[in-house]
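# got a structure for you, letters missing:
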């Protein structure tokens, strides 16, 4: 038996990109197949010849596994596992393999009556010393309905010198919690084949580059039967637009044939076809013509005489060298340490990506001097580059774990229950790192074992006292659940709380990431209690588009910034579904939206939102006179406004352009995907934000002069003089229309505009514009946009128009919203040029909405004109005017 030998050394995810699941790749060469028919059971014992089963704890022998003729995915028979508690695994005979190929494994699966367990297949590769070096798993299934075809691969083993492969058929509980006592699982049509091996990588192994660096893509091919297939390279941007293509023929060489011997594994002879190791190999490189920052895919396709042979895709990010200011709020949690990279490449990535905070597990084995040195150097380098490291003391190393109970789920609250156990092992780590690392977190982000812990304050004070004996200036924190009350109301025995929604089981299948609004509410609720670290969970890659995920991520980062988070972490940066990077360390589509946002708002003060002429939403941030705006709109529109002399547009993927100009105004296209504007004039932005009317309201009292008090503040670093001209609707009489002022640095003035509303002036929110001319060190002209409420805000009116083609009537529908519970009775009067006044009456209208319909005969001649709707209160003085645009 070889159950223990199949403990995986490396677990990798692989995607089949070249063939649909119901087809087999045309280039595949079969190496092994088993359909559990008569020829696979020559001794008629209902057990497939040369197969073995795993035994030991958790894998009881009383779970029946045998060939069954009641169900079949192909042919007449299948392998059936009848559950009775516990797990079950069967293994194929060893199969001869070689590292010049890639491999694909398929099987058919059917489950019945499973509640907890899940079925799946695995593929494990062994080296020449019969040690497992790489293991790959399929997706796991609980309910399949009818027969389901599942697949692993194609996978290209990374380990050099692999000799054998073993297939595993598995059934077991999810997360080692509950087990099924009944149920059946069937496997059939197990098929294992080799394919040409094709790898695509950069020449230096990096995935994230500065824009001034040279990038070379390198494609290695081996195990092909054609000497000179065509390799087609393609460069694609984040919008899936093809930017460049290049093709050439591969000049391949014959791969030396291995010695003809039959390998064995644990006494089992390997299956070995006579041509199992024949093939050609070669290499080809390409320099993609990348001219700007952005997220890119490089695709390499191998075409032979039979058509498509293989395809590989590599992602990369190209960024500018400028990074955010020191003191940024955004970081990554690295629960697996430096994996999937090494320390050097991880450090390079963190610097290039603009990361300001890093959570890193630091508990290493007492005799692991190499790791101790690596972590210490890593921490020192981060410190020199102003990246804050949070040292996470999580699960003890394997060699001492038994001291703490040898639990399946090692909870930090239990680990730190007894100082005599943990102190001798943690003390050397604290002593070595505490001069460089000041933030220390007890437990990973998903470990909520301190929540609800009895006498938590007392326990944390004890831990804090023990830790501070060894560490200097240590800031101690613990993971905490957002929905739970803070652990201490007085002076807390901790320095920060690491808030998270990560489930302790690690099962993310049903996780629902917080929205920006929920994050803001929780941050406001916990404000002032302690230093707060928060996790920002992106949306699932499989459920949302790239644009939706990018917008959601930016919204959450901005919400964290606006609501004063101390640090915000991406909890699983290297995760295909929820991360910024892929599992192999290459960037996903979200890396650059995260980096762009972190770079442009980190360390900046939130100033507020500027009202724009087309109503686009925005947030403005500033630091040391450098001001940026995040801008978006639910619809596609164009904002025309002067923002500064050197304004640039930067999209979420870091691509920078200069906006078109119309006079001194920038012409900025805006849509649902947020983008940044940099180079804003800081003084003008602050002056726009500071300008206000008090009150910003006029009574619907037509024919009487009213006052709008305007407050103007000087936000320039020197004294200014200038004018402010109020541009209001034509039916307003403004006197004076221009205010003149002279203000010292930091000065302000309150001065009124006198307003007289004509009888046909519209009610409701009315847009106005204030045109400024400022003399400072130079002359500036810019506009400020505001809205003034005319009349009571108890009513809102909306209208639509349509020409009835059959009758020729102009149909006007007016929807009236009563926003208050007060009953109101009114006459609705409609005026159209050259037409008789129309009237409808509504009595005792309460909270809610009502729709009135007017029909005007021969309405075509009214198209393009403006009609006046006047709502006049019966028995009162209130009047509400609304203009109706008769649109074509």
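Thanks, I have it. These numbers come from a predicted model, not from an experiment.
# any figure for the gap between residue 379 and residue 45?
Distance, residue 379 to residue 45, using Cβ to Cβ, to the nearest Å: 59 Å. In this view, the C-beta of every residue, glycine as well, is placed from N, C-alpha and C.
# more neighbours: those two, which one.
residue 379 (21 against 10; other Cβ atoms under 10 Å).
# SS state for residue 683?
Assigned with DSSP: H, G, I helix; E, B strand; the rest coil, residue 683 falls in the helix class.
# again with residue 228
Residue 228 - assigned by three-state DSSP - is coil.
# what's the local residue count around the nearest residue to it once chain neighbours are set aside?
Closest residue in space to residue 228, ignoring its immediate chain neighbours: residue 249 at 4.7 Å, by Cβ to Cβ, 6 or more residues apart in numbering. Residue 249: 13 surrounding residues under other Cβ under 10 Å.
# how is the chain divided into domains?
When the chain is parsed with automatic domain parsing, its domains come out as 4-196, 198-263+273-319, 330-603, 606-672, 686-790, 795-885.
# so which of these comes closest to residue 680?
Among the domains of the chain, domain 606-672 comes nearest to residue 680, with 4.2 Å by Cβ to Cβ.
# pLDDT on the closest one, on average?
Average pLDDT, domain 606-672: 96.
# next: stretch 690-701.
Average pLDDT, stretch 690-701: 90.
# thinking residue 330 is in contact with residue 594, fair?
Yes. The pair residue 330 / residue 594 is scored as a contact, 7.4 Å apart, by Cβ atoms under 8 Å.
# which residues are common contacts for the two?
residue 557 (Cβ atoms under 8 Å, 6 or more residues apart in numbering).
# any idea how far residue 226 is from the residue nearest to residue 228?
From residue 249 to residue 226 the distance is 10 Å (Cβ to Cβ).
# could you do residue 853 as well?
74 Å.
# again, but for residue 89
39 Å.
# pull out the buried residues from stretch 334-344.
334, 335, 337, 338, 340, 341, 343 (16 or more other Cβ atoms under 10 Å).
# wait, I meant stretch 110-125
110-112, 114, 116-125.
# let's have those in JSON lines, adding secondary structure and pLDDT.
As requested, these are exported to JSON lines (DSSP: H, G, I helix; E, B strand; the rest coil; pLDDT from 0 to 100):
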{"residue": "110", "secondary structure": "strand", "pLDDT": "93"}
{"residue": "111", "secondary structure": "strand", "pLDDT": "92"}
{"residue": "112", "secondary structure": "strand", "pLDDT": "91"}
{"residue": "114", "secondary structure": "coil", "pLDDT": "88"}
{"residue": "116", "secondary structure": "coil", "pLDDT": "85"}
{"residue": "117", "secondary structure": "strand", "pLDDT": "87"}
{"residue": "118", "secondary structure": "strand", "pLDDT": "91"}
{"residue": "119", "secondary structure": "strand", "pLDDT": "93"}
{"residue": "120", "secondary structure": "strand", "pLDDT": "95"}
{"residue": "121", "secondary structure": "strand", "pLDDT": "96"}
{"residue": "122", "secondary structure": "strand", "pLDDT": "96"}
{"residue": "123", "secondary structure": "strand", "pLDDT": "96"}
{"residue": "124", "secondary structure": "strand", "pLDDT": "96"}
{"residue": "125", "secondary structure": "strand", "pLDDT": "95"}
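# go through these and name the one nearest residue 528.
When the buried residues of stretch 110-125 are ranked by distance to residue 528 (Cβ to Cβ), residue 116 comes first, at 44.2 Å.
# in this structure, which spans are helices?
With DSSP state H applied, the chain shows helices at 343-353, 369-384, 412-415, 419-433, 456-470, 516-525, 546-562, 591-601, 682-690, listed in chain order.
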